[in-house]
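*Asks:* sharing a model prediction with you, sequence too.
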Amino acid sequence: MIAAAHRKTGNVAFEERTDCFAIKTMGVGFKLRIKCAQLVARIFLEYRLPTFASEVERSRTAEGSMQLDRWCQEKRLETAFARDTREHKRFCDHTSMLEIVQIERCNAKGPGHEGVFWHAASCGLWQLETGIHLKRDALKLEFRISFWQSFGSAAILCILIMEKAPSPGSPKLDLILINPSNRVQIYQKLGDELVAVEPPIWAGFIADYVRRQGYSVKILDAEALELNAVAAAKAVAEEKPLLAGVIVFGHQPSASTQNMAGASSVCTELKKIAPQIPIVIAGGHVSALPERTLHEEKVDYVCEGEGIYTIHKLLEALKKEKNSQLEGVPGLWYRKNGEIHSTAKATVMADLDKEIPTTAWDLLPMHLYRAHNWHCFDDIQHRQPYAAIYTSLGCPFKCTFCCINAPFGKPSIRYRSPDTMIAEIAVLVEKYGVKNIKIADEMFVLNIPHVEGICDRIIERGYDLNIWAYARVDTVKEGILPKMKKAGFNWLALGIESGSKFVRDGANKRFTGDDIRNVVRSIQSAGIRVIGNYIFGLPDDNVQTMQETLDMAIDLNCEFANFYSAMAYPGSPLYTMAVKEALPLPRTWSGFSQHAKDALPLPTKHIPAAEVLKFRDRAFQIYFTNARYLDYVDQTFGSDTVDHLRKMTKHRLERDLVTS
């Protein structure tokens, strides 16, 4: 099973929160509730069918259902084991929900192992062990709880062991989608706590689409599970899928290329461990460089385009006979007789409501995702639960530094309807308890009727949300802002880019300094916070214009700021220019990350890359240690957020390119 690959301390890793302890691995579906001073062994089972097409919620009246509370009552498990122990009662009151998420393989035990065993030792240890054996779907479950209390402190160890014994008629897994892990290499120490842990939305789209076509599918989010390439490859090999798909779409345009380092590693390790499993890779980066990707990576197939239709048709071909029907798979690059071939490009999805009505959230470890630190400045201790969603795909603009349209072929934008979006938001809120939401659209605040439709539906539902989204200086309309705030939009990210109009014009950002200031203030006047995004090292930049950008950032004093150095991301006009002019590019894919040790931005017409990167890192420290900014944060969010920012600025990035 996939989860067998995850290890931290021993068999489990505890995550302590104010309302629960969660053992952090991949399993989902079983929950243990502890109420007051009683242990109520009540487990809710969500068991996925072999086709993984739906979840079965077993109820009291459903024929053949497993009614565990009745079983628990028969076994007299509802036992008051801490009647008079004040520490125990305090702990149980405080820990109203434990989520048991550790799944491992176990040796099948015979029916003779069934039973309940209680014992109490003088050390204060209470232990319950039981084996439950269900004939239905050949599911075997072992459930073991240990509770101990010592010196006024308490701890819980929960181990859930589940094994689905294969039967002769059990179908083979058709597809496993992998979200590769590379956080440490990309973000250095910032990846530990500060950055977001994002759900792999495109993997969720592909999984949902393929599942609706009748194929079985799983997702391995190695990033969220903190699995290295070897562990992820072993987990995939154990599943023995017909096809493994490595999905390298990013949650911002730059993230696809920087994630290629992790993708490359997991492909290499999987080919070492299980060379018989065919690998397909998809994403923004590989769409920009499909032939190069097939040359360089240990993969069998490359998707050019969105990947959804390509992966579906590839599965269809592999089901029939390996490589027999590949010419009919759209958007595919592959080898035949040692030569590289490609098929006609796949069409982009025209009806997003029909093709991607939702994301396969049920296949993701939802308890592990967390928001960006700034997203939760109002409540910095509660960055989970968290999710990101797309309400549209693509962007109609042509910014020189952006590669967002690489999978789509040209600048364009397509929408998912407000009704589709409120249905997905309802699932996130009502099933997964999500409050913090990112709108991942490259340009959300553009089509005002679309924005209004989503806001109206959120307001009608009365959801209490904390949302952030992207906007452009020249697309924000003042009249929509109060409604956005009422719907829960607390942050808007603006691409300001440069303090120099000359530099902005060269990047196809044609608005004035007054436009920028007026829009920032109008957003803030509506009670919405602003993240100002700035880029150092655009082609026309010099030291003076970069200083103008930093001066503008300090003057605007937005609630948060992102400082980037210009990178030639594959699929962007800057990349085309850099290749044409033979400018130095990173030797590794991680070098395209803003925060990596080996980061290598573009030189400008006037200054070298090292000077650009050094200026960017210095600007970050100047902005976030500025007394005026910290005073504003203290007044707006409180001293806890100021303390958080001070800790953040203590993280100094190591740079190969910059000498101190």
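*Replies:* Thanks, I have the structure now. Residues are numbered from 1 along each chain as shown.
*Asks:* end-to-end on stretch 248-265?
*Replies:* By Cα to Cα, to the nearest Å, the extent of stretch 248-265 from end to end equals 12 Å.
*Asks:* model confidence over that stretch, on average?
*Replies:* Mean pLDDT, stretch 248-265: 81.
*Asks:* next one: it to chain centre, how far?
*Replies:* 12 Å (Cα atoms, centre = their mean, to the nearest Å).
*Asks:* what's the answer for stretch 314-331, then?
*Replies:* Centre to centre, stretch against its chain (Cα atoms, centre = their mean), the figure for stretch 314-331 is 30 Å.
*Asks:* can I get it in PDB, CA atoms only?
*Replies:* Taking C-alpha atoms only, stretch 314-331 is exported to PDB below (Å, rounded to 0.1, in the frame of the first residue of the first chain):
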ATOM      1  CA  LEU A 314      -2.900   6.500 -23.500                       C
ATOM      2  CA  LEU A 315      -4.600   4.400 -20.900                       C
ATOM      3  CA  GLU A 316      -7.000   3.300 -23.500                       C
ATOM      4  CA  ALA A 317      -4.200   2.300 -25.800                       C
ATOM      5  CA  LEU A 318      -2.200   0.500 -23.100                       C
ATOM      6  CA  LYS A 319      -5.300  -1.500 -22.100                       C
ATOM      7  CA  LYS A 320      -5.600  -2.900 -25.600                       C
ATOM      8  CA  GLU A 321      -2.000  -3.700 -26.300                       C
ATOM      9  CA  LYS A 322       1.200  -1.900 -25.400                       C
ATOM     10  CA  ASN A 323       2.200   0.700 -28.000                       C
ATOM     11  CA  SER A 324      -0.200  -0.600 -30.600                       C
ATOM     12  CA  GLN A 325      -2.400   2.500 -30.700                       C
ATOM     13  CA  LEU A 326      -0.100   5.300 -29.800                       C
ATOM     14  CA  GLU A 327      -0.400   7.100 -33.100                       C
ATOM     15  CA  GLY A 328      -4.000   7.900 -32.100                       C
ATOM     16  CA  VAL A 329      -3.200   9.400 -28.700                       C
ATOM     17  CA  PRO A 330      -3.300  13.200 -29.000                       C
ATOM     18  CA  GLY A 331      -0.500  15.300 -27.600                       C
END
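*Asks:* bridged to the residue lying closest to Pro601 once chain neighbours are set aside, which residues?
*Replies:* Closest residue in space to Pro601, ignoring its immediate chain neighbours: Ser565 at 3.6 Å, by Cβ to Cβ, 6 or more residues apart in numbering. (Each C-beta comes from the backbone N, C-alpha and C, glycine too.) For Ser565, the beta-bridge partners under DSSP bridges are Phe536.
*Asks:* report pLDDT for the nearest residue to Leu175 once chain neighbours are set aside.
*Replies:* With Cβ to Cβ, 6+ apart as the measure, Val217 is the residue that lies nearest to Leu175, at 4.5 Å, once sequence neighbours are left out. As predicted, Val217 sits at a pLDDT of 97.
*Asks:* what's Val579 in contact with, if anything?
*Replies:* For Val579, the contact set (Cβ atoms under 8 Å, 6 or more residues apart in numbering) comprises Ala568, Leu585.
*Asks:* what about it, which helix or strand?
*Replies:* helix 573-580 (DSSP states H and E).
*Asks:* what's the first helix or strand after that helix?
*Replies:* helix 609-624.
*Asks:* check contacts around Ser412.
*Replies:* Taking Cβ under 8 Å, 6+ apart as the test, what Ser412 contacts is Val348, Gly394, Cys395, Pro396, Asn405.
*Asks:* beta partners for it?
*Replies:* Under the criterion used here (DSSP bridges), Ser412 is bridged to Cys395.
*Asks:* distance of it relative to Leu613?
*Replies:* Computed as Cβ to Cβ, to the nearest Å, the Ser412 to Leu613 distance reads 33 Å.
*Asks:* same thing with Asn518?
*Replies:* Distance, Asn518 to Leu613, using Cβ to Cβ: 32 Å.
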